[in-house]
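Peer 1: Sequence first, then the predicted structure, then my questions.
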Amino acid sequence: MNIQLNNLTLTYERHPVVHHVSASIAPGEWLAIAGPNGAGKSTLLNAMAGLSPIQEGSIDGLHPSSVAYLPQQVRLDRSFPITVGELVSTGLWTTLGVTKAVNDDQLQRCEEAIAAVGLQGFEGRLIGTLSGGQLQRSLFARVLLQDLPVILLDEPFNAIDVNTLSDLTDVIHQWHREARTVIMVTHDLDYIQAHCPRTLLLARECIGYGATKDVLTPDNLLKARQHFEAFDDSARWCSLGAT
């Protein structure tokens, strides 16, 4: 089933930040959500993860139980005393709940996920001792363990080294080959053009949606910047087609 965004309007701190966005995302797509900083990209992704309320419109074809969500690192409390192994194992919470212990087979799956992102030997390290790239590898391992058909990634490549970027990109390519739906927010247009087949260009409203080469054109990028810069945060609530 396609993921349908139907005339979607979202708010942040009581202000509309995503306006009347509609899109149909087919199963197995690798979609980038691009746009200026503050253009509503993360708010849109949070709504798709079920973490932000919808003011108007709807999202169809997407159930929280089918979604693995990787937030921005800045939203994580790195002082929390949890190890890499414990963090990764939280990917099993939908199976374990809060009472069941990890069995031998599940422990093996955790170890395989950690190895798949290049963190063998880090299982007992506290997350507060990790570099940005190591923490992001841990978060990707957690998503691997969740083994879900839809993967939402919010700025997954901030503050990481080149080797980590390459390794985690390989993981995303593998998800894409497995026909999982990958939707990622990123500001890196070069990365999108190199890897992401489809793009939604957002500047509070949808500026373009479709094949990346057709969306990330100079005219559309200029339009997105001008549209965002002209936006009035104190404007009254809008209606589609209002003048």
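Peer 2: Looks like it came in fine.

Peer 1: Report the contact partners of L10.
Peer 2: Neighbouring residues of L10 by CB atoms under 8 Å, 6 or more residues apart in numbering: 16-18, 40, 43-44, 47, 52-55. All C-beta atoms are positioned from the backbone trio N, CA, C, and that covers glycine.

Peer 1: TSV for those, including pLDDT and neighbour count?
Peer 2: TSV is the format used below for the contacts of L10 (pLDDT from 0 to 100; neighbours: other CB atoms under 10 Å):
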residue	pLDDT	neighbour count
P16	80	21
V17	88	22
V18	93	26
G40	92	26
T43	93	21
L44	96	26
A47	95	22
S52	87	18
P53	89	9
I54	94	15
Q55	92	16
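
Peer 1: Farthest-apart pair in those residues, please.
Peer 2: With CB to CB as the measure, no two of the contacts of L10 lie farther apart than G40 and P53, at 14.0 Å.

Peer 1: Reduced to three states, what does G121 come out as?
Peer 2: coil (DSSP: H, G, I helix; E, B strand; the rest coil).

Peer 1: Share the number of residues neighbouring it, please.
Peer 2: 9 (other CB atoms under 10 Å).

Peer 1: Would you double-check that F140 falls in a helix?
Peer 2: Yes - assigned with three-state DSSP, F140 falls within a helix.

Peer 1: List the contacts of it.
Peer 2: For F140, the contact set (CB under 8 Å, 6+ apart) comprises 70, 117, 156, 168, 171.

Peer 1: Next, count neighbours for the second one.
Peer 2: Using other CB under 10 Å, the number of residues around V117 comes to 24.

Peer 1: ditto for the one 3 residues further on
Peer 2: Under the neighbour criterion other CB under 10 Å, Q120 is assigned a count of 10.

Peer 1: Give the burial count for the nearest residue to it once chain neighbours are set aside, as a bare number.
Peer 2: Nearest residue to Q120, sequence neighbours excluded (CB to CB, 6 or more residues apart in numbering): I114, at 6.5 Å. I114: 26 surrounding residues under other CB under 10 Å.

Peer 1: Confirm for me that I114 is in contact with E86.
Peer 2: No - I114 lies out of contact with E86 (CB atoms under 8 Å); the separation is 11.4 Å.

Peer 1: Contacts for the lowest-mean-pLDDT helix or strand in the chain next, please.
Peer 2: None of the helices or strands of the chain scores lower by mean pLDDT, DSSP states H and E than helix 93-96, at a mean of 73. Identification of contacts with helix 93-96 by CB under 8 Å, 6+ apart yields 65, 102, 106, 146.
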